Every structure is written in structure tokens, then in C-alpha cells.
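J.: Generate a structure from the sequence data that follows.
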Amino acid sequence: MLELLKGLVQNNQIKPLDYQFARFIYSLHNDDVLALVSAMVSHQLGLGNVCLSLETIDPNCLFNQNQKKSQAIIEAAQCDVCHWHEHLLKQPWVGDGCTPTPLVIEKKRLYLYRYWQYEKQVAAFLGQNSSINVDHQAASLILNRLFRRDYTSIYQQCHHLESGTDIQKALVKWLDIEHQNSLDWSAIQQCILNAKTSADLSPLDKLVPDKYCLNWQKIAVALASTQSFSIISGGPGTGKTTTVTKLLALLVELGIQSGSPPNIKLVAPTGKASARLTESIGGALNKLACNQQVKDLIPTNARTIHRLLGVMPYSNGFRHNNSNKLHLDILVVDEASMIDLPMMARLLEAMPNNGRLILLGDRDQLASVEAGSVLGDICTAADGGYSTKQIQIMEQMTGFNLNEYSNSEARPINNSICLLQKSYRFDALSGIGLLANAINTGNQKAITRTLSLNFKDIDIHPTDSYGYHQLLKLCTTEYQRFLAIIKTGIIGTESETIWHKKILQTFHSFQLLCALREGQFGVNCLNEVIRLALSKANLIDEAGLWYRGRPVLITKNDHDLNLYNGDIGIALNNNDSRLRVIFELPDGSIKQFLPSRLPEHETVFAMTIHKSQGSEFEHAAIALPNQFNPMITRELVYTGITRAKKKLDLFCSADLLNKAIKTPTQRISGLKERL
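T.: Model (predicted):
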């Protein structure tokens with residue numbers, strides 16, 4: 001068996017780590033089935049699965065091999081797949097978790113002991129989630145202020161409208177009207193037509209009462225305020241950050257009223273994501289309808305999860321853990337879909353007993369790079385409405401009629417999750433929004449229809465030689481803009497800091513995203529050919545690895561330098577003509593580093609879609625290969641498309657796109673079942 005596994009390593013079908021683990025287990029107990037499943041469990045972890053499902057093993061496709069080779073492995077094991085579960089239960093190094101063993105078997109799922117512990121730990125934490133009593137009347141008053149109707153904007157949008165249909169359409173959008181047929185539209189239209197100022201729209205408070213509306217952001221704030229653990233999930237532009245900022249304002253105001261304002265911390269999985277959270281929370285705070293005392297108690301500086309937990313040098317552990325809890329009352333975690341199972345377990349064990357945990361993220365985005373899809377598993381487990389009691393509480397706090405979302409059989413975890421369902425970024429004229437939704441739902445007809453309607457914000461290109469030439473031309477044109485600012489230099493009285501920020505902002509406005517690292521449409525190749533194209537156009541003057549205008553992506557955290565995986569910097573000449581790499585830190589300041597001081601990094605004219613998580617770009621180009629690869633999944637394409645805010649150039653074939661949407665990511669774990 002070990003020889004067969006060694007052959008799989010040589011053919012790059014499993015990793016050396018998979019083989020070495022099987023070899024270790026075999027040294028403990030000479031059993032071929034045990035050695036084989038040990039390699040399979042390790043292999044599954046590498047694919048992002050938490051465990052090996054013994055029920056779904058295909059005996060004709062072990063390690064993605066053909067039937068003949070798979071059968072040869074099974075024959076060497078001298079035990080049919082259907083008998084593996086029974087066989088493993090008799091092995092001394094396979095346990096039920098009560099005592100530590102390398103492998104744990106539970107309900108025909110085989111785990112590494114450590115990952116079995118992680119999954120149990122996460123499930124136990126979520127099972128302890130408790131409701132928190134809040135003053136519903138006080139909370140309702142604050143909520144109504146935080147979500148006060150913006151009649152100024154409504155007046156600006158509607159005062160020039162004359163058609164009753166147009167007025168109705170505009171109000172349905174602005175007031176989130178759910179039950180149109182219950183309203184007196186004649187009186188509403190007359191109110192709009194007679195209005196001379198925004199103040200004249202106040203009768204709409206009675207003409208369109210809250211019970212006929214449904215603002216999911218307001219529902220999310222009400223729900224999360226009553227739970228010790230909550231998830232606010234939504235696609236791009238649904239306002240997750242705006243929602244959580246209003247939630248924090250509500251909790252701070254309630255805390256001030258009770259004499260104990262909360263200690264709040266903000267984190268995200270990567271440096272780039274924490275920088276975006278810092279920026280977006282700050283922007284949302286400026287628009288908040290509350291006093292300065294409340295705003296001052298809401299932090300705007302986000303950190304990485306690693307930084308919060310306290311990385312210990314030369315150790316896999318963290319300073320904050322089960323025996324040294326975090327010192328906080330509320331923890332907000334953005335981009336939670338990026339958090340793998342081990343990191344989530346470590347974060348949860350460090351939470352103080354009375355602390356609130358609020359996760360933000362898009363459950364439909366790519367799962368974490370490492371094993372697990374924690375956010376997706378939790379959200380899937382909670383599909384199906386809210387308990388009757390929770391509905392009553394939310395109706396009291398929001399004024400909305402939520403009866404249709406009541407489920408007498410809802411599990412406790414259901415009451416912790418709200419899915420934001422309205423995009424404030426994409427409207428009916430947005431091809432990006434329609435395409436993202438079509439891909440997310442796997443609707444092939446909707447994808448074809450969207451791409452055929454010639455939306456202004458989407459251009460689709462072939463992946464033949466002409467398309468490849470167009471891709472290089474597009475990148476050269478877009479990257480020329482930031483290189484021109486570098487070449488022009490500081491203008492007039494402009495400060496160096498302003499110049500640096502202008503360079504970085506212009507670069508960040510466009511990004512080429514790739515599905516893969518290798519191949520003609522992969523990151524490695526495209527970074528090189530774009531560099532050559534820019535050099536040929538005399539836009540960069542390269543004399544080696546480092547040159548003025550080289551953009552670099554940090555790929556390894558360096559806490560001492562305050563540089564993190566995902567941070568992007570650009571090389572510039574300093575006053576002494578030496579190259580420095582400039583980065584914008586989360587607080588908005590600019591920091592310069594000698595190239596030799598940087599942690600691990602790579603050129604970033606192109607980056608993988610995985611690396612782009614937590615980022616957004618005004619204009620994104622996506623390059624998918626001309627041949628299908630199993631890594632190109634529905635979630636990967638959805639994540640890439642939703643990085644674009646205003647313009648998307650998609651380089652792919654219709655055939656590949658259709659195959660991708662038929663390949664949703666399905667990670668194996670037992671978390672959903674435990675919940």
C-alpha cells in the first residue's frame with residue numbers, strides 16, 4: 001500500500017504530506033486500509049474538506065484516478081469500500097474522541113483528531129448562543145432615528161416625476177415597500193405632486209406606514225441586538241458595514257443609558273480587509289444620525305484576527321485563548337467567509353463569556369483557503385425563518401409585519417442570522433448585479449440573457465488570440481494612468497503624501513483578476529506579459545527585478561513592519577534616487593520601505609480571485625482560462641465578478657461559464673449536522 005501511495009506522490013496526485021501521514025499511521029499499526037484512509041483524510045484536508053465522508057467514497061475514482069487504478073488500490077487494501085467503516089471501528093488508532101487518537105470516526109465521517117476537536121468546539125460555542133434582553137421600547141426609538149426616512153433624497157428623486165407609475169416605482173425602491181396593494185396610491189401620488197419641499201413629504205409617514213415596508217438592514221440590527229452571536233450576510237452593495245455601524249450605535253446608546261458603554265473591537269482576516277473595514281466604518285459613522293458621544297465610542301481602526309489574538313513567535317498558539325480571554329464586550333469580524341475552521345475555533349475560544357460576536361460576510365463567496373466553510377455551513381443550517389418569539393420581538397422593535405418569516409420549528413441558530421437581500425449598489429440597469437445574481441443562483445438562461453443585453457457596465461471578450469491581445473491592450477491602457485502620475489511627479493504645492501495617495505488610489509481603481517496561477521491566463525504568465533507590454537510601450541523603465549512603478553502584493557504577514565498578506569505597495573524613487581515601496585496603512589498614513597526589508601511578495605499587475613477577497617475595484621477585468629479546470633467554481637466566478645463596482649471586463653467563453661456555474665463548491669464537514 002505504501003508503495004502505491006508513493007507512486008501517487010510521484011505522479012503529483014497526492015502531496016508528500018499525505019503519504020508521510022499514511023506512513024506514520026502504518027508504522028503504528030500495519031494495516032493497509034488504515035494507511036489508505038489516512039492518506040485520504042490528509043488529501044481531503046488539502047482540498048478544503050474537514051473530514052472524509054466514508055458514505056460518499058467512489059471506489060472507481062480514488063484520488064481522481066480512473067477505475068482501473070482505483071480498483072488496484074482497493075485490491076491492495078484487501079477490503080471493499082463498503083466494509084471500511086466496520087473495519088476502522090476495530091482499529092486501535094481510530095477512536096470516538098473520548099481519548100486522543102490520530103483519527104476519529106463519527107457517523108461515517110473520518111477526521112484528524114485536531115479537526116474533529118475544532119468542529120466540536122465551534123458547534124459547542126454556537127449551541128451556547130443566548131438571547132440578550134434589551135429594552136425593546138428604547139431600542140425601537142433609537143432604531144427609528146437611525147433608519148429615519150430620507151425625505152430630502154426622495155424629494156430630489158421624485159419631485160420632477162409626473163407619471164403615477166414612475167412615482168410608485170421610485171417610492172417602492174426608496175421606502176422598501178413590500179405590500180404595494182395595501183396602499184392608497186392615489187393619495188400618495190397627490191402628496192408627491194403637491195410637494196414644494198422635502199418637508200411636504202411628511203404625510204407619507206401615515207400614508208406608507210412601516211408595517212407595509214421591509215428594510216432588511218433594520219431587521220438585521222434588531223435581530224443582532226438581541227443575540228450574543230449573530231451573522232449579517234449579504235452580497236455586494238447590500239450595506240453590511242452600514243448595517244453593523246448602526247447596530248453598534250444602537251448598542252452604544254443602550255449601554256450609555258444603562259451606565260455601561262461597551263468596549264468594541266473590529267477585525268478582519270487580512271490586512272487588506274481590515275484596511276477596508278477601517279475606511280468603510282469611518283465613512284458610515286460620518287452619516288450616522290446620533291450624537292458625538294456615541295460616535296466617539298465606536299472604533300474606526302480595525303486589526304487582523306492574528307493581531308487581535310496575539311501571535312506568539314515560534315508557536316502556533318495565540319496569547320489570547322481559553323485561559324486568557326479577550327478583553328472586550330463586542331467583537332465585529334468582517335469578511336467572515338475567509339475564516340477557516342481552525343482560526344474560527346481559536347477565535348471563539350478566546351471570546352469572553354459575556355461578549356457579543358458579530359460576523360459579517362457574503363455566504364456565497366469563496367470559502368476559506370484552508371479547510372472548512374464555516375460561514376456557509378452556519379448560514380445553510382439556519383435557512384428557514386425565525387422562531388415565533390423572535391418574530392414578535394423584531395416586529396415590536398421595527399414596526400414591520402414579519403409573520404411570513406415565522407417558523408415554529410426554527411432552531412435556535414436561525415434566530416442569529418439575517419440575510420440582507422437588497423443591493424444599494426446595483427440597480428435594474430446594472431449588468432454586474434444581474435450577472436452576479438444569475439451566477440449565484442446557477443441560472444444559465446439568466447446569464448445568457450444578461451450577457452446579450454449589452455449593458456454598459458459589462459464587456460465580454462473571447463479567450464482566443466484576439467481576446468488575449470485585447471486583454472493586454474486593456475491592462476496597458478488602465479495601468480498607464482497610475483504610471484503617468486508617477487512620471488509627472490508632484491504638481492505645484494501638492495504634498496508628497498497626497499501624490500503617493502493619488503498613485504495608490506489610481507492603481508487600485510483597476511485590477512486584473514485570474515482564476516489560476518499557472519497557464520496562459522494565469523497570474524504568473526500575465527504578470528510577465530503585462531510587464532513586457534508596459535516596457536515595450538516605454539511606460540516602465542526596468543533595469544532588473546525592481547523598477548519605478550512596480551506594484552507588489554505582500555504574501556506573508558510581518559507584524560513588526562505592520563504589513564500583512566494582501567497589502568499592495570508601489571515602488572517609487574525617493575529624493576535620494578533610491579527605490580522605496582509605498583503602502584497606505586489602515587489609518588490613512590503612508591509608509592515607505594526599502595525593497596530588501598519587505599516580507600514575501602510578488603508583482604501584482606494580475607492577482608488571483610482568491611487574493612482579491614476583501615477588496616473592491618471601480619473597474620475589474622477577469623481572465624478565465626480557455627479550458628475548464630475543476631478549480632473554476634460557481635463561487636470563484638461570483639467572487640471575481642462582485643469585486644467590480646462600476647465596470648467589468650470578462651474574458652471567458654460561454655461554455656466555460658456554464659460549466660463553472662454547474663460546479664458549486666461543496667466542502668465536506670459535520671458542522672451543519674451538529675447545528
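J.: can you pull out the helices in the stretch 501-650 of the chain?
T.: 523-536, 609-612, 634-641 (DSSP state H, counting those that start in this stretch).
J.: most packed of the ones you listed?
T.: helix 634-641 (a mean of 25; mean count of other C-beta atoms under 10 Å). No exception for glycine: its C-beta is placed from N, CA and C like everyone else's.
J.: Show residues contacting it.
T.: 364-367, 432, 435-436, 439-440, 442, 513, 515, 609-610, 612-613, 620, 622, 624, 648, 650, 657, 660-665 (C-beta atoms under 8 Å, 6 or more residues apart in numbering).
J.: Return the distance of stretch 411-429 from the chain's centre.
T.: Mean C-alpha position of stretch 411-429 versus that of the full chain (C-alpha atoms, centre = their mean, to the nearest Å) differs by 14 Å.
J.: Could you check that stretch and say which residues are buried?
T.: Across stretch 411-429, burial judged by 16 or more other C-beta atoms under 10 Å covers 412-420, 423, 425-426.
J.: cool, and stretch 574-590?
T.: 579-584, 586, 590.
J.: Nearest to Pro16 among those?
T.: For those, the closest approach to Pro16 (C-beta to C-beta) belongs to Val581, at 34.6 Å.
J.: What is the burial count for the nearest residue to the closest one once chain neighbours are set aside?
T.: Leaving aside its chain neighbours, Val581 sits nearest to Gly569 (4.3 Å; criterion: C-beta to C-beta, 6 or more residues apart in numbering). Gly569 sits with 26 neighbouring residues when counted by other C-beta atoms under 10 Å.
J.: CA-only coordinates of the helix of greatest length in the chain in CSV, if you can.
T.: Assignment by DSSP state H gives helix 465-488 as the longest helix of the chain. Taking C-alpha atoms only, helix 465-488 is exported to CSV below (Å, rounded to 0.1, in the frame of the first residue of the first chain):
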residue,chain,number,x,y,z
SER,A,465,-5.6,35.1,-29.6
TYR,A,466,-7.6,38.2,-30.4
GLY,A,467,-9.1,38.2,-27.0
TYR,A,468,-5.7,37.8,-25.4
HIS,A,469,-4.4,40.8,-27.4
GLN,A,470,-7.4,42.8,-26.2
LEU,A,471,-6.7,41.8,-22.6
LEU,A,472,-3.1,43.1,-22.8
LYS,A,473,-4.2,46.3,-24.5
LEU,A,474,-6.8,46.9,-21.8
CYS,A,475,-4.3,46.4,-19.0
THR,A,476,-1.7,48.6,-20.7
THR,A,477,-4.3,51.4,-21.1
GLU,A,478,-5.5,51.1,-17.5
TYR,A,479,-2.1,50.8,-15.8
GLN,A,480,-0.8,53.7,-17.9
ARG,A,481,-2.9,56.0,-15.7
PHE,A,482,-1.1,55.4,-12.4
LEU,A,483,2.3,55.3,-14.2
ALA,A,484,1.6,58.7,-15.8
ILE,A,485,1.1,60.2,-12.3
ILE,A,486,4.4,58.7,-11.3
LYS,A,487,6.1,60.1,-14.3
THR,A,488,4.6,63.6,-13.9
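J.: Please enumerate residues in contact with that helix?
T.: 461, 499, 502-503, 506-507, 509-510, 512, 520, 526, 529-530, 533-534, 537, 539-540, 548-549, 570, 572, 605-606, 619, 621, 623, 649, 651.
J.: among these, which ones are buried?
T.: Among the contacts of helix 465-488, those that count as buried by neighbour count (16+ other C-beta under 10 Å) are 461, 499, 502-503, 506-507, 509-510, 512, 526, 529-530, 533-534, 539-540, 548-549, 570, 572, 605-606, 619, 621, 623, 649, 651.
J.: quick one: contacts for Cys290?
T.: By C-beta under 8 Å, 6+ apart, the neighbours of Cys290 are 145-146, 249, 253.
J.: Hmm, I typed the wrong one, I wanted Phe125.
T.: 229, 348-349, 351.
J.: Out of these, which sit inside strands?
T.: Using DSSP state E, the subset of those located in strands is Phe229.
J.: Looking at the contacts of Phe125, state which has the most neighbours.
T.: The most crowded member of these, judged by other C-beta under 10 Å, is Phe229 (22 neighbours).
J.: follow-up on the earlier one: so which of the helices of the stretch 501-650 of the chain gets nearest Gln137?
T.: helix 634-641 (41.2 Å).
J.: got the CA positions of the closest one in CSV?
T.: The C-alpha coordinates for helix 634-641 follow below in CSV (Å, rounded to 0.1, in the frame of the first residue of the first chain):
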residue,chain,number,x,y,z
ARG,A,634,-19.5,29.0,-9.2
GLU,A,635,-18.3,30.7,-6.0
LEU,A,636,-15.0,31.6,-7.7
VAL,A,637,-16.6,33.3,-10.6
TYR,A,638,-19.2,35.0,-8.4
THR,A,639,-16.5,36.4,-6.1
GLY,A,640,-14.5,37.7,-9.0
ILE,A,641,-17.5,39.4,-10.6
